[in-house]
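In: Here's a sequence, model it:
(one chain, ligands or ions: 2)
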Amino acid sequence: MNTKAIIGLNPELPYAVEEAINRLRINVSFLGSDIRKIMVISSEPNEGKSFIAMNLWKQMASAGEKAILVDADMRKSVMAETYQISREDGKELWGLSHYLSDNKKLEDCILTTDLACGDLLPNTNNIVNPSMLLESNRFSELLDKLAEDYRYVFLDVPPLGLVSDAERIGNICDGAILTVRAGVTPKGIIRSSIAQLERAGCPLLGIVLNRAGAGNGKYYGKYYGKYYGSEYYGK
Ligand SMILES: Nc1ncnc2c1ncn2[C@@H]1O[C@H](COP(=O)(O)OP(=O)(O)OP(=O)(O)O)[C@@H](O)[C@H]1O
Ligand SMILES: [Mg+2]
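Out: Ligands and ions are numbered 1, 2, ... in the order given. Next up, the predicted model:
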């Protein structure tokens, strides 16, 4: 039996952002039933991967699709801290790195939530060099198993530019959603990320133009999210 998570912080999004994520969810649901393991990636840090992955997971599960969000940013996980996630039974929170390196049981690491269709696999133990773990069969077998148990497996990963983790993960995913920060991410860098994904054999499913019109960068102040429409999806 999986334990239930207590999620201390569950911010409401402004209507426009909620709507933009909803459009993204609909586009993703048009991708076809073979597309299950989806990583949310960006070229550089701080472009909104974790934000998009969390909210896309939430909306997918709210719409009744069984979905799990995997925090695969094992170098710098923020999910558990950002959303103040703890276990309802009060025990220590285990996650992906515990499962991969300590041979913990999966059911002791996956958390259920208030969303009947939405589960979480957090990461609570950052490690300096997770490459070996990401290259292990245990990781690829985990993703395959999750893709059997869930309609969608969303993976929050480190940026492409810094380390090769995302390429490795992309190689065993069905595709990637590339997050770019509107007006900030240089075009050349976006192009090289697309080439990197191609080299990793990871299909590009779509591009999210995040934080469009964010202005002074204050959170949730006004219209933040604006995403490309369906023409960028369903290749
Ligand atoms: N559309 C948005 N609206 C409001 N805030 C946002 C939006 N996108 C991202 N943010 C905020 O910007 C900050 C950086 O976002 P996030 O942590 O998701 O980026 P990241 O790409 O995952 O970064 P890293 O590479 O460090 O993992 C966070 O505080 C997040 O809440
Ligand atoms: Mg992140």
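In: How about the contacts made by Val163?
Out: Shown in contact with Val163 (Cβ atoms under 8 Å, 6 or more residues apart in numbering): Arg75, Ser131. Just so you know, the C-beta spots here come from the backbone N, C-alpha and C atoms, and that holds for glycine as well.
In: Which positions within stretch 68-77 qualify as buried?
Out: Ile68, Leu69, Val70, Asp71, Ala72, Asp73, Met74, Arg75, Ser77 (16 or more other Cβ atoms under 10 Å).
In: Helices along this protein, start to end?
Out: Using DSSP state H, the helices of the chain run over residues 15-29, 49-62, 79-82, 96-101, 131-135, 137-149, 165-171, 187-199.
In: and ligand 2, which of those helices is closest to it?
Out: helix 49-62 (3.3 Å; Cβ to the ion).
In: So which elements touch the closest one?
Out: Counting contacts by 3 or more Cβ pairs under 8 Å, 6 or more residues apart in numbering; DSSP states H and E, helix 49-62 packs against helix 15-29, strand 37-42, strand 67-71, helix 79-82, strand 118-121, strand 152-156, strand 175-181, strand 204-210.
In: could you dump these to TSV with mean pLDDT?
Out: Listed next are the helices and strands packed on helix 49-62 as TSV, based on pLDDT from 0 to 100:
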stretch	mean pLDDT
helix 15-29	92
strand 37-42	97
strand 67-71	98
helix 79-82	94
strand 118-121	98
strand 152-156	98
strand 175-181	94
strand 204-210	92
